[in-house]
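K.L.:
below is the sequence, then the predicted model.
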Amino acid sequence: MYKITVMGDRDSIYGFAAIGLDTYPIAITDDTSAAVRKLRELIESEYAVIYITEALAEKMEEEIDRYRDVRLPAIIPIPGVSGNTGMGMKMVKKSVEKAVGSDILFRD
């Protein structure tokens with residue numbers, strides 16, 4: 001059976017444990033090697049959905065992009081306690097552009 005997890009800074013994710021999701025607190029620093037290792041471990045596990053805070057996703061954008069074309073797991077950025085950084089919308093825009101061939105949502 002597939003599972004759902006949440007990665008990010010502790011303050012942003014600790015509430016998800018109350019609804020039964022696995023949580024992995026990761027300190028957001030300039031050195032993302034620990035976060036990348038944890039993400040790879042989660043991808044190799046039985047997780048179907050990995051929620052990741054936008055602040056952490058921005059630091060690991062290149063790594064997350066490597067898994068954009070795989071069916072599972074879905075890596076979904078969510079706002080953290082510091083607010084929305086726009087990373088989630090940026091990833092939606094990339095996905096739509098890839099699927100449709102042009103920017104039909106934002107038309108920047």
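P.N.:
Okay, I see it. Residues are numbered from 1 along each chain as shown.
K.L.:
let me see the ranges of the helices in the protein.
P.N.:
10-13, 33-44, 54-59, 61-65, 87-100 (DSSP state H).
K.L.:
mean pLDDT lowest where, among the ones you listed?
P.N.:
For the helices of the chain, the weakest mean pLDDT is recorded on helix 87-100, namely a mean of 79.
K.L.:
in it, what's buried?
P.N.:
87, 88, 90, 91, 93 (16 or more other Cβ atoms under 10 Å). Just so you know, the C-beta spots here come from the backbone N, C-alpha and C atoms, and that holds for glycine as well.
K.L.:
let's see that helix as CSV, backbone CA atoms only.
P.N.:
Output of helix 87-100 as CSV, limited to C-alpha atoms (Å, rounded to 0.1, in the frame of the first residue of the first chain):
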residue,chain,number,x,y,z
MET,A,87,7.4,27.7,-6.3
GLY,A,88,4.2,25.6,-6.6
MET,A,89,2.7,27.8,-9.3
LYS,A,90,6.1,27.7,-11.1
MET,A,91,6.0,23.9,-11.2
VAL,A,92,2.3,23.9,-12.4
LYS,A,93,3.3,26.3,-15.2
LYS,A,94,6.2,24.0,-16.2
SER,A,95,3.9,21.0,-16.3
VAL,A,96,1.2,22.8,-18.3
GLU,A,97,3.8,24.1,-20.8
LYS,A,98,5.2,20.6,-21.3
ALA,A,99,1.8,19.0,-21.8
VAL,A,100,0.3,21.7,-24.0
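K.L.:
list the helices and strands that helix packs on?
P.N.:
helix 54-59, strand 74-78 (3 or more Cβ pairs under 8 Å, 6 or more residues apart in numbering; DSSP states H and E).
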